[in-house]
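A.B. asks: Kindly return the folded structure for what I paste below:
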Amino acid sequence: MRLSAANLAYAYDRRLVLDDVSLQLRAGESVALLGANGSGKSTLIRLLLGILKPMRGEIRLGDTDLHALSARQRAQRLAYVPQDHGAVFPFLVRDVVLMGRMPHQSWLGGASAHDRERAQAALARLGISALADRTYTELSGGQRQLVIIARALAQESPVLILDEPVTGLDYGNQHRLMAQIHDLADSGYAILQSSHYPEHALSTATRVILLKDGRVLADGPPVEILHPEHLHALYGIDTEYVETRDGRRVILPKVLARARRPEQKQGHSKLPFLNIS
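C.D. replies: Residues are numbered from 1 along each chain as shown. A predicted model of the protein is given here:
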């Protein structure tokens, strides 16, 4: 399944927040959308989901205009993980994840054995099966985020859009989720995730789109796009690559990169969170 947008424009109260934005998202790709706060990332995601209609331009799912599809048809093709997911009702976790199967159910029928199987498989894939009988409202913010991601996986839509998916996750779960996103792309999903972490994009994305002031600044492979000039244009800070002994590259603000001791050239990091050995 291919999601494409051409020449999108959108404004709030006559203030243009997106202008002439075009992109392609194909099966097997994990695309990271990077930009500073206010760059238009969340508005672009709402447009791609069909929540908003563009002032100009078009969005297509495969060969079909996105807005020619019903909400149910869009949900069968597009799954969404929001950044904010407040808890209102005390559903069990297994029931929250099972809600992801609703686009595939008849209006009169309830959840089938297959629906329950897919919900359980999504919980297992994220390593949170033990939460299945817990009450969603009693979970931590990070646990809720994993549950909402499991709900999107249970939906089995070929296009997966995630708005800052690592929000609220601890360091370990951030990297486990990045590995899952990489595996999902390898299995044929088309994935778009907005992020504030260039280092995540460098390690897991197949492509990076940089959004600045509502326009696409650059679009291409991470190693070509995430260079210091682009990151300075986005975030206003100076960065550089740090080479690891096995040839990997890590992005650091220059103030941190310069803080390394001389012995770090032999692979010893002053910074405990930076693995350069």
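A.B. asks: where does the residue nearest the centre of the chain fall, phi/psi-wise?
C.D. replies: Most central in the chain under Cα atoms, centre = their mean is residue 193, positioned 2.1 Å from the mean C-alpha point. Torsion angles at residue 193 (phi, psi; degrees, to the nearest 10) stand at phi -130, psi 130.
A.B. asks: quick one: low-confidence ranges for the stretch 51-200 of the chain?
C.D. replies: For the stretch 51-200 of the chain, applying pLDDT under 70 flags the ranges 86-88, 107-109.
A.B. asks: Which stretches in it count as helices?
C.D. replies: Counting by DSSP state H, counting those that start in this stretch, the segments of the stretch 51-200 of the chain that form helices are 71-77, 93-98, 113-125, 141-155, 171-186, 198-204.
A.B. asks: For these, give me a markdown table that also has mean neighbour count and distance to residue 18.
C.D. replies: In short, each C-beta sits where N, CA and C put it, glycine included. Output for those, formatted as a markdown table (neighbours: other Cβ atoms under 10 Å; distance: least, Cβ to Cβ, whole Å):
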| stretch | mean neighbour count | distance to residue 18 |
| --- | --- | --- |
| helix 71-77 | 16 | 20 |
| helix 93-98 | 23 | 32 |
| helix 113-125 | 16 | 32 |
| helix 141-155 | 22 | 24 |
| helix 171-186 | 16 | 25 |
| helix 198-204 | 21 | 20 |
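A.B. asks: Relative to residue 131, which of those is closest?
C.D. replies: Closest approach to residue 131 among the helices of the stretch 51-200 of the chain (Cβ to Cβ): helix 93-98, 4.7 Å.
A.B. asks: Redo the helices of the stretch 51-200 of the chain as CSV? Include distance to residue 221.
C.D. replies: Shown next, in CSV, are the helices of the stretch 51-200 of the chain (distance: least, Cβ to Cβ, whole Å):
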stretch, distance to residue 221
helix 71-77, 26
helix 93-98, 34
helix 113-125, 27
helix 141-155, 25
helix 171-186, 14
helix 198-204, 10
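A.B. asks: I'd like to know which of these is closest to residue 26.
C.D. replies: Closest approach to residue 26 among those (Cβ to Cβ): helix 171-186, 10.1 Å.
A.B. asks: residues touching the nearest residue to residue 41 once chain neighbours are set aside, list them.
C.D. replies: In this structure, residue 41 finds its nearest non-sequential neighbour in residue 194, 4.5 Å apart by Cβ to Cβ, 6 or more residues apart in numbering. By Cβ atoms under 8 Å, 6 or more residues apart in numbering, residue 194 lies in contact with 32, 33, 34, 35, 41, 42, 45, 162, 163, 164.
A.B. asks: any idea how far the second one is from residue 71?
C.D. replies: Counting by Cβ to Cβ, to the nearest Å, the gap from residue 33 to residue 71 is 23 Å.
A.B. asks: just the last one next, same as before
C.D. replies: Taking Cβ to Cβ as the measure, residue 164 falls 24 Å from residue 71.
A.B. asks: Restrict the contacts of residue 194 to the buried ones and give me that as a ChimeraX selection.
C.D. replies: Typed into ChimeraX, the line below selects the buried ones among the contacts of residue 194, using 16 or more other Cβ atoms under 10 Å:
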select :32,33,34,35,41,42,45,162,163,164
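A.B. asks: Tabulate the contacts of residue 194 in a markdown table, adding columns for distance to residue 96.
C.D. replies: Converted to a markdown table, the contacts of residue 194 look like this (distance: Cβ to Cβ, whole Å):
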| residue | distance to residue 96 |
| --- | --- |
| 32 | 27 |
| 33 | 26 |
| 34 | 29 |
| 35 | 30 |
| 41 | 26 |
| 42 | 23 |
| 45 | 21 |
| 162 | 17 |
| 163 | 18 |
| 164 | 20 |
